[in-house]
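K.L.:
starting from these lines, generate the structure:
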Amino acid sequence: MRVIAGTYRSRILKSLKGLALRPTSDRLRETLFNVLGSGIQDSRFLDVFAGTGAVGIEALSRGADYVSFIENHAPSAALIRKNLTALKVHSGVTIICADAIRGLETLEAKVKVGDLAYDYIFIDPPYAATADYPRVLQKIGVSSLLAQSGIVIVEHRKTFDLPESFATLKRVRLLRQGDAALSFYRREQAIQSIPHADNP
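P.N.:
Have a look, this model is predicted:
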């Protein structure tokens, strides 16, 4: 697993041996960031169910100003720290070792006292944890975590049909690649910025 582009291009990221992690594939990560394009520059990015941290680290490499990682599994959270240390990233990041909902509540408390909301929120639960998708999306939809023009991206199995709406969030794009899919959600007031499409 490697960083695809940007400051840390081609740097190898460590994973955990013997653990059933399912990191977002290099190809799907490349597709995701090609869709997000230059908007990632100077943005605030939140990686939920972060695993190895590969998606959030890719955001940093491509110019994100600040990245937060939420990961419930302590060895995985430690791995994210190791990967960041190996890249000499010592600022502009937060790692929260907590359940997704508790981690979101921790970050929301910071937003409410003056921290900026997130421009991008990436959600990638284990594919089998189907109950995590609606509860996390619903939480984000009613929270102040997402910037008004922000985008929520959800990775899921291609055959798993996510609802079109969660609270204030509405799906504006569904992109399928191999066995995986990415669903893009925005607040209903901001849906004009990403066209409906099944392919990049």
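
K.L.:
so where's the protein uncertain?
P.N.:
Applying pLDDT under 70 to the chain picks out residues 17-22, 190-200.

K.L.:
just want the most central residue of it.
P.N.:
Centroid-nearest residue in the chain, with CA atoms, centre = their mean: residue 122, separated by 1.9 Å.

K.L.:
ok so that one is a strand residue?
P.N.:
Yes. Counting by DSSP: H, G, I helix; E, B strand; the rest coil, one finds residue 122 located in a strand.

K.L.:
quick check: beta-bridge partners of it?
P.N.:
residue 47, residue 153 (DSSP bridges).

K.L.:
how about the contacts made by residue 140?
P.N.:
104, 121, 123, 146, 152, 166, 167, 169 (CB atoms under 8 Å, 6 or more residues apart in numbering). The way it works is simple: take the backbone N, C-alpha and C, and place the C-beta from them, glycine included.

K.L.:
one step back: measure the residue nearest to the centre of the chain to residue 77 for me?
P.N.:
In this view, residue 122 and residue 77 are 16 Å apart by CB to CB, to the nearest Å.

K.L.:
tell me the most packed of the contacts of residue 140, by neighbour count.
P.N.:
residue 121 (28 neighbours; other CB atoms under 10 Å).

K.L.:
ok, it - contacts?
P.N.:
45, 46, 48, 140, 145, 146, 150, 151, 152, 153.

K.L.:
out of these, who's nearest residue 111?
P.N.:
For these, the minimum distance to residue 111 (CB to CB) is 6.0 Å, reached by residue 145.

K.L.:
do I have it right that residue 93 meets residue 65?
P.N.:
No. Using CB atoms under 8 Å, residue 93 is not in contact with residue 65, being 10.6 Å away.

K.L.:
which stretches of the chain form strands?
P.N.:
44-48, 66-70, 93-96, 118-123, 146-157, 165-166, 169-177, 180-187 (DSSP state E).

K.L.:
so can I have JSON lines of the ones you listed showing distance to residue 28?
P.N.:
As requested, these are exported to JSON lines (distance: least, CB to CB, whole Å):
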{"stretch": "strand 44-48", "distance to residue 28": "14"}
{"stretch": "strand 66-70", "distance to residue 28": "18"}
{"stretch": "strand 93-96", "distance to residue 28": "22"}
{"stretch": "strand 118-123", "distance to residue 28": "11"}
{"stretch": "strand 146-157", "distance to residue 28": "7"}
{"stretch": "strand 165-166", "distance to residue 28": "22"}
{"stretch": "strand 169-177", "distance to residue 28": "6"}
{"stretch": "strand 180-187", "distance to residue 28": "6"}
